[in-house]
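Visitor: What follows is a protein structure lacking sequence information:
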């Protein structure tokens, strides 16, 4: 079964116009040469982080409040959900 998750992404502007993106309470970070690219890469990061937690049998942490941050949605296969 596909379960949809929504997590706010934190974007931080770096020198040279690049952006770093990450999610509170989830492992990993990504970046992009623009804000839009960083957000697109953040969706891949969200899927990868959630799949890793599911595969390890770990609890999925609840998303932090968005507080004006962009929210990324991703569908992830959850074999334990029916």
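Guide: Done, it's in. Values in this document were obtained by computation on a predicted structure and should not be read as measured data. Numbers count the residues shown, from 1 in each chain.
Visitor: Wait, residue 38 touches residue 21, no?
Guide: Yes - assessed by Cβ atoms under 8 Å, residue 38 is found in contact with residue 21 at 4.4 Å. No exception for glycine: its C-beta is placed from N, CA and C like everyone else's.
Visitor: Residues that sit against both of those two, list them.
Guide: Taking Cβ atoms under 8 Å, 6 or more residues apart in numbering as the contact criterion, the common neighbours of residue 38 and residue 21 are 11, 30-32.
Visitor: Which of those sits closest to residue 5?
Guide: residue 30 (16.3 Å; Cβ to Cβ).
Visitor: ok, the closest one - contacts?
Guide: 20-22, 38, 41-42, 44-45.
Visitor: Going along the chain from the host helix or strand of residue 9, find the next helix or strand for me.
Guide: Following DSSP states H and E, one finds residue 9 within strand 2-13. Downstream of strand 2-13, the next assigned helix or strand under DSSP H and E is strand 19-23.
Visitor: orientation of that next one relative to strand 2-13 in degrees?
Guide: Strand 19-23 runs at 140 degrees relative to strand 2-13, counting by axes from the mean of the first three to the mean of the last three Cα atoms, to 10 degrees.
Visitor: Quick one: list the elements packing against strand 19-23.
Guide: strand 2-13, strand 30-32, helix 35-56 (3 or more Cβ pairs under 8 Å, 6 or more residues apart in numbering; DSSP states H and E).
Visitor: can I get the ones you listed in CSV with mean pLDDT?
Guide: Shown next, in CSV, are the helices and strands packed on strand 19-23 (pLDDT from 0 to 100):
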stretch, mean pLDDT
strand 2-13, 96
strand 30-32, 97
helix 35-56, 96
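Visitor: Need the winner for burial among the ones you listed.
Guide: Most buried of the helices and strands packed on strand 19-23 by mean neighbour count (mean count of other Cβ atoms under 10 Å) is strand 30-32; its value is a mean of 19.
Visitor: Partner strands of that one, with direction?
Guide: Strands that pair with strand 30-32, judged by DSSP bridges, come out as strand 19-23 (antiparallel).
Visitor: Return the set of residues that bridge with the closest residue to residue 47 other than its chain neighbours.
Guide: Distances taken as Cβ to Cβ, 6 or more residues apart in numbering put residue 74 closest to residue 47, at 4.8 Å, once the chain neighbours are dropped. Residue 74 forms beta bridges with residue 5, as assigned by DSSP bridges.
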